[in-house]
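Peer 1: generate a structure from the sequence data that follows.
(chains A and B)
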2 protein chains.
Amino acid sequence: MSEQRLKRLIALTRLVTMRPGTQWNLGDLGRRLSVAKSTLSEDLLVVKEALESYQLGRIDSHVGVSGGVTFSPLLDVERARQDVKEFIQDLTKPDRLTPDGFLYVTDLLFSPRRMEVMGDLLATVFHPLDVDAVATVETRGIPLALAAARALGVDMVLLRRDNRLSEGSSLSINYLSGSSRRVQSMSLARRAPVRGGRILFVDDFMQAGGTARAAQDLLGDFGAHVVGVGVLVATRDPAEKLVDDYRAILQWQRAEDGVGAVEPSAWVKALIGWEM
Amino acid sequence: MSEQRLKRLIALTRLVTMRPGTQWNLGDLGRRLSVAKSTLSEDLLVVKEALESYQLGRIDSHVGVSGGVTFSPLLDVERARQDVKEFIQDLTKPDRLTPDGFLYVTDLLFSPRRMEVMGDLLATVFHPLDVDAVATVETRGIPLALAAARALGVDMVLLRRDNRLSEGSSLSINYLSGSSRRVQSMSLARRAPVRGGRILFVDDFMQAGGTARAAQDLLGDFGAHVVGVGVLVATRDPAEKLVDDYRAILQWQRAEDGVGAVEPSAWVKALIGWEM
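Peer 2: Numbers count the residues shown, from 1 in each chain, chains lettered A, B, ... in the order given. Predicted structure coming up:
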């Protein structure tokens, strides 16, 4: 193999994998790499086989006028196991406990590096549902929702805590939040492009599940369907949540004194080969 | 070259480039690809040269006990030009104007695909400042701030609109917002790990610059230094902002009727070779 072709294959690998879920037009890619379409197709086959043999992801071809390829990452199992372990260690440091018994976790939630693996985990389990968008309610679930949306190759829908003049008219819903034991509200701009869509609702934390159920109801008023619910941390109590079906990455057993215990859910343990 | 080595080089390219700014330990990478450290070093040199010759990014080596490599993406100029053009088209569609004269843009701001290029642009211009973290104030600037943080390989600091019981004690600041002409506030948990840090403040929108200045003041109270300010859209009026120095990706000339005109700032035009 010529050095030129080797360099081109490496460049092609970087280009195609840098934006999961984005369709790359073969004409554009060919011009970019100064190579004919037929040669590009051969190159793509090599990259596809290499990525698949190392279980790093899938390249799918689309036929038609705007023929192209899309990269879907496979969960990087080793890195995920390491990241989940490190995340739990960070999360359960005793000095994260506030005097009021909350865990200070905002810094962890807003770390792109830490949320990337969590988004990949949600994308892996929800990929078969073929969602059109990921929704969350502001604010702390946003980085996880964005990471999941990115890994799934879709956009995110933001449910606001209150309705904003800057968003035009909106629909709102009030609901009882289990964790704060008070009435909360969320709203969505009428202009939000969600009608008829299959939505994955994502949040950082679930206790009773009231927020997820309210999001289901509100999105339902737009003709959208919440087909899956994924959260970073769910409390073990109450065991019965207000939504039938959800996937939590981590389970939190609260303790009277101290932080308590956090461990991955069974589906995560199975995915990443957890043995601790 | 053996087929085996070619596949390994492709896998190595994907692994090293998938998390910009993350340090990869050579021992881990070697085990992962079943290859000796000496061979891995040769492979990394090939990948490094290929990525550099296609102007796709840089691989830096770190010596020492935990010797490893870090990938820093270079701005994908062609894709950036295409994405910026498409973004401006989407942003200026007449039906985005609400009856009250605001632009509905939440859907664009929460599109990971659309914000990625914007984060790359900010990372390219602010990379020399060697920042420790990116900060924003909730809510609509979060996706851009996360994209910039990801591209710079750092974490994000979230300034809240009000102080939360769940975050422990916090410092707050009140300020006059130019755009809404009312008193706003922002707060930061005392536990936020920002002390002494060099911070890039990012927001979706700047009119008078009051929010950026308040963020500078609040972060200053934590012993942190805002060394740069980057926004997605700045209005041309007022020309004098409350912060001395900032970089806007797009400039918005408002109109009495309709959306007005949006175009890239001069530094963006220079970076992406804009000719329209």
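
Peer 1: what about stretch A:234-248, how long is it end to end?
Peer 2: Start-to-end span of stretch A:234-248 (Cα to Cα, to the nearest Å) is 6 Å.

Peer 1: same question, stretch A:126-139
Peer 2: 22 Å.

Peer 1: buried residues in that stretch?
Peer 2: Buried residues in stretch A:126-139, counted by 16 or more other Cβ atoms under 10 Å in any protein chain shown: A:126, A:131, A:132, A:133, A:134, A:135, A:136, A:137, A:138, A:139. Glycine gets a C-beta too; all of them are placed from N, C-alpha and C.

Peer 1: identify the farthest-apart pair in those.
Peer 2: Farthest-apart pair in these is A:132 and A:139; separation 23.0 Å (Cβ to Cβ).

Peer 1: now do the contacts for residue A:99.
Peer 2: Residue A:99 sits next to residue B:168 when contact means Cβ atoms under 8 Å, 6 or more residues apart in numbering or on different chains.

Peer 1: give me the phi and psi angles of it.
Peer 2: Main-chain torsions, residue A:99, degrees, to the nearest 10: phi -60, psi -20.

Peer 1: same deal with residue A:224?
Peer 2: Dihedral pair for residue A:224: phi -100, psi 160, per degrees, to the nearest 10.

Peer 1: report the separation between it and chain B.
Peer 2: According to Cβ to the nearest Cβ, to the nearest Å, residue A:224 and chain B sit 13 Å apart.

Peer 1: residue A:50 now?
Peer 2: Between residue A:50 and chain B the computed distance is 4 Å (Cβ to the nearest Cβ).

Peer 1: doesn't that residue lie inside a helix?
Peer 2: Yes. Assignment of residue A:50 by DSSP: H, G, I helix; E, B strand; the rest coil places it within a helix.

Peer 1: mind listing what the nearest residue in space to residue A:191 that is not next to it in sequence touches?
Peer 2: Of all residues not flanking residue A:191 in the chain, residue B:104 sits nearest, at 4.8 Å (Cβ to Cβ, 6 or more residues apart in numbering or on different chains). If a contact means Cβ under 8 Å, 6+ apart, then residue B:104 has A:166, A:167, A:168, A:189, A:191, B:96, B:97, B:98 as its contacts.

Peer 1: kindly report the same for residue A:248.
Peer 2: Neighbours of residue A:248 in contact, by Cβ under 8 Å, 6+ apart: A:206, A:230, A:231, A:232, A:233, A:234, A:265.

Peer 1: ok, and the fifth one, which helix or strand is that part of?
Peer 2: Spelled out, it's residue A:233. Using DSSP states H and E, residue A:233 maps to strand A:225-235.

Peer 1: I'd like the next helix or strand past that strand.
Peer 2: Criterion used, DSSP H and E; the element after strand A:225-235 is strand A:247-253.

Peer 1: neighbouring strands for that next one, and are they parallel or not?
Peer 2: Strand A:247-253 sits in its sheet next to strand A:225-235 (parallel), strand A:261-264 (antiparallel), going by DSSP bridges.

Peer 1: go through those strands and pick out the most buried.
Peer 2: Using mean count of other Cβ atoms under 10 Å in any protein chain shown, the stretch among the strands paired with strand A:247-253 with the largest mean neighbour count is strand A:225-235, at a mean of 22.

Peer 1: so how far is that one off the chain centroid?
Peer 2: Offset of strand A:225-235 from its chain centre (Cα atoms, centre = their mean, to the nearest Å): 10 Å.

Peer 1: for it, what is the average pLDDT?
Peer 2: Confidence for strand A:225-235, expressed as mean pLDDT, is 97.

Peer 1: same deal with stretch A:241-261?
Peer 2: 92.

Peer 1: just the buried positions in it, please.
Peer 2: A:241, A:242, A:243, A:246, A:247, A:248, A:249, A:250, A:251, A:252, A:259.

Peer 1: just the terminal-to-terminal distance for that stretch.
Peer 2: Rule used - Cα to Cα; the end-to-end distance of stretch A:241-261 is 20 Å.

Peer 1: chain center to that stretch, what's the gap?
Peer 2: For stretch A:241-261, the distance to the chain centre is 19 Å (Cα atoms, centre = their mean).

Peer 1: next one: stretch A:186-194
Peer 2: Using Cα atoms, centre = their mean, the offset of stretch A:186-194 from its chain centre is 20 Å.

Peer 1: average model confidence for it?
Peer 2: Taken as a whole, stretch A:186-194 has a mean pLDDT of 94.

Peer 1: quick check: the residue nearest to residue A:191 vs residue A:154, distance?
Peer 2: With the distance defined as Cβ to Cβ, to the nearest Å, residue B:104 ends up 19 Å from residue A:154.

Peer 1: one more: residue A:106?
Peer 2: Per Cβ to Cβ, residue A:106 is found 25 Å from residue A:154.

Peer 1: give me the phi and psi for the closest residue to residue A:225 other than its chain neighbours.
Peer 2: Excluding its sequence neighbours, the residue lying closest to residue A:225 (Cβ to Cβ, 6+ apart) is residue A:198, at 5.6 Å. Dihedral pair for residue A:198: phi -100, psi 120, per degrees, to the nearest 10.

Peer 1: likewise residue A:241?
Peer 2: Torsion angles at residue A:241 (phi, psi; degrees, to the nearest 10) stand at phi -100, psi 170.

Peer 1: surely it meets residue A:231?
Peer 2: No. Under the criterion of Cβ atoms under 8 Å, residue A:241 makes no contact with residue A:231, lying 9.7 Å away.

Peer 1: what is in contact with those two at once?
Peer 2: Common neighbours of residue A:241 and residue A:231, using Cβ under 8 Å, 6+ apart, are A:206, A:212.

Peer 1: enumerate every residue touching the residue nearest to residue A:155 when sequence neighbours are not counted.
Peer 2: Of all residues not flanking residue A:155 in the chain, residue B:111 sits nearest, at 4.3 Å (Cβ to Cβ, 6+ apart). For residue B:111, the contact set (Cβ under 8 Å, 6+ apart) comprises A:155, A:156, B:143.

Peer 1: same check on residue A:233?
Peer 2: Neighbouring residues of residue A:233 by Cβ under 8 Å, 6+ apart: A:91, A:204, A:205, A:206, A:248, A:249, A:250, A:251, A:252, A:262.

Peer 1: please identify which pair of the residues you listed lies farthest apart.
Peer 2: Within the contacts of residue A:233, A:91 and A:206 form the most distant pair, 15.3 Å apart (Cβ to Cβ).

Peer 1: between those two, which one's more packed in?
Peer 2: A count of neighbours by other Cβ atoms under 10 Å in any protein chain shown puts residue A:206 above the other of residue A:91 and residue A:206, at 25 against 18.

Peer 1: what sits opposite the more buried one in the beta ladder?
Peer 2: Beta-bridge partners, per DSSP bridges, of residue A:206: residue A:234.

Peer 1: wait, it touches residue A:235, no?
Peer 2: Yes. Assessed by Cβ under 8 Å, residue A:206 is found in contact with residue A:235 at 7.3 Å.

Peer 1: ranges for the helices of chain A?
Peer 2: A:3-17, A:26-33, A:37-53, A:77-91, A:106-109, A:112-126, A:142-152, A:210-221, A:266-272 (DSSP state H).

Peer 1: where in chain A is pLDDT low?
Peer 2: Flagging of chain A using pLDDT under 70 yields the residue ranges A:65-66, A:179-180, A:276.
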